[in-house]
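[1] Here is my input; please provide its structure:
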Amino acid sequence: MSVEQWAIVIGVIVSAVMAVAPWMLMVHAKLAVLTATISSLEDKVDKLIQNNEQRIPMCAVHAARLDTIEAALEHIRERLHEIG
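    Just a heads-up that it's a prediction; the model follows:
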């Protein structure tokens with residue numbers, strides 16, 4: 001190949017790279033943002049899971065108290081029917 005042909009080939013390649021480079025940089029930036037967002041969401045989900053694991057025993061205690069209160073209310077309701 002002659003110098004002119006090599007210049008044409010190199011010119012075409014450089015033109016193609018210059019045409020594609022902004023798109024590649026845009027895609028890279030969007031992927032970086034998505035990666036950061038997913039990492040942030042992963043941290044938030046981990047925190048929610050941890051909080052939920054800590055809350056389950058408390059919910060069980062509250063459910064037991066609610067059952068006790070409901071039993072007491074039923075007893076009071078029966079006593080009111082006996083009186084009235």
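
[2] So which residues of this protein form helices?
    3-83 (DSSP state H).

[3] For the spatially most central residue of the chain, which residues are in contact?
    Nearest to the geometric centre of the chain sits Leu41, at 3.5 Å (C-alpha atoms, centre = their mean). Applying C-beta atoms under 8 Å, 6 or more residues apart in numbering to Leu41 gives no contacts. Bear in mind the C-beta positions are built from the backbone N, C-alpha and C, glycine included.

[4] Tell me where the protein is predicted with low confidence.
    Along the chain, the model assigns pLDDT under 70 to no residue.

[5] switch the cut-off to 80
    Applying pLDDT under 80 to the chain flags residues 84.

[6] Buried residues, stretch 5-23. List them.
    Within stretch 5-23, no residue counts as buried by 16 or more other C-beta atoms under 10 Å.

[7] And stretch 46-53, how far out from the chain middle?
    13 Å (C-alpha atoms, centre = their mean, to the nearest Å).

[8] For that stretch, list the C-alpha coordinates in CSV.
    Written as CSV, here are the backbone C-alpha positions of stretch 46-53 (Å, rounded to 0.1, in the frame of the first residue of the first chain):
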residue,chain,number,x,y,z
ASP,A,46,-29.2,-4.3,53.4
LYS,A,47,-30.2,-1.7,56.0
LEU,A,48,-33.9,-2.5,55.6
ILE,A,49,-33.2,-6.2,56.0
GLN,A,50,-31.2,-5.5,59.2
ASN,A,51,-33.9,-3.3,60.6
ASN,A,52,-36.6,-5.8,59.8
GLU,A,53,-34.6,-8.6,61.5
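
[9] give me the number of residues near Leu31?
    10 (other C-beta atoms under 10 Å).

[10] ok, now how distant is it from Ala16?
    Shown here: Leu31 relative to Ala16, a distance of 22 Å by C-beta to C-beta, to the nearest Å.

[11] The residue nearest to the centre of the chain and Gln50, how far apart?
    From Leu41 to Gln50 the distance is 15 Å (C-beta to C-beta).

[12] and what of Glu70?
    31 Å.

[13] Buried residues, stretch 26-39. List them.
    Under 16+ other C-beta under 10 Å, stretch 26-39 has no buried positions.
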